[in-house]
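# need a 3D model of the following:
(one chain, ligands or ions: 1)
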Amino acid sequence: MKIREIRMEMPAGDCPGCGRHIADWHVEWLAPLDQGPVFRGQAAIDCPGCGAPILVTRNQNVVGVAPPDVPVRKRSRTQAKKWAKARSISLDDYLQQHGLPYRNYGFEP
Ligand SMILES: [Zn+2]
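Alright, predicted model coming up:
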């Protein structure tokens with residue numbers, strides 16, 4: 001087993017805006033229509049800690065703070081609820097137990 005390769009796949013990255021460690025950027029909480037632009041680097045996702053527009057890849061590798069002309073997409077509560085339901089947990093329970101950076105996050109509907 002090559003531990004180094006597994007680590008490369010870990011969804012983890014510090015925010016280049018605030019330096020906060022974001023264990024999971026939860027790009028899968030973006031509405032399906034927003035995922036394409038973000039994964040292509042045409043839109044940014046906001047940091048749940050500081051709100052800075054961050055360019056993140058599909059594999060949650062943090063590229064950097066987006067230039068000012070790049071639009072920002074916010075995570076969808078509907079999408080997050082579906083994600084939680086697929087894991088047999090309610091979104092509220094997930095946020096309480098594991099989702100600390102997202103507890104006060106301003107979800108899109
Ligand atoms: Zn931040």
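
# who's in contact with D14?
Counting by Cβ atoms under 8 Å, 6 or more residues apart in numbering, D14 makes contact with 20-22, 62. For glycine as for every other residue, the C-beta is placed from the backbone atoms N, C-alpha and C.

# restricted to helices, list these.
Using DSSP state H to define helices, no part of the contacts of D14 is located there.

# who wins for neighbours among the residues you listed?
Among the contacts of D14, I22 has the most neighbours (other Cβ atoms under 10 Å), with 22 neighbours.

# thought that residue was touching C15?
Yes. Using Cβ atoms under 8 Å, I22 makes contact with C15 at a distance of 5.6 Å.

# anything in contact with each of these two?
Joint contacts of I22 and C15 (Cβ under 8 Å, 6+ apart) are 47, 49.

# mind checking the SS state of the residue positioned nearest the centre of the chain?
Among the residues of the chain, W25 comes closest to the average C-alpha position under Cα atoms, centre = their mean, at 2.6 Å. Using DSSP: H, G, I helix; E, B strand; the rest coil, the structure places W25 in coil.

# need the contact list for it.
11, 13, 45, 54, 56, 60, 62.

# in terms of helices and strands, where is K82?
helix 77-86 (DSSP states H and E).

# I'd like the mean pLDDT over that helix, please.
On average, the pLDDT along helix 77-86 is 97.

# and stretch 91-99, by the same measure?
The model assigns stretch 91-99 a mean pLDDT of 93.

# dump the contacts of W25 into a markdown table; add pLDDT as well.
Listed next are these as a markdown table, based on pLDDT from 0 to 100:
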| residue | pLDDT |
| --- | --- |
| P11 | 47 |
| G13 | 81 |
| I45 | 97 |
| I54 | 96 |
| V56 | 93 |
| Q60 | 85 |
| V62 | 92 |
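
# for the buried ones among those residues, write the corresponding ChimeraX selection.
Only the buried entries of the contacts of W25 go into this ChimeraX selection, using 16 or more other Cβ atoms under 10 Å:
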select :13,45,54,56,60,62
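
# which one among the contacts of W25 gets closest to A80?
I45 (12.9 Å; Cβ to Cβ).

# of the contacts of D14, just say which sits nearest to Q96.
Closest to Q96 out of the contacts of D14 is I22 (17.6 Å), distances taken as Cβ to Cβ.
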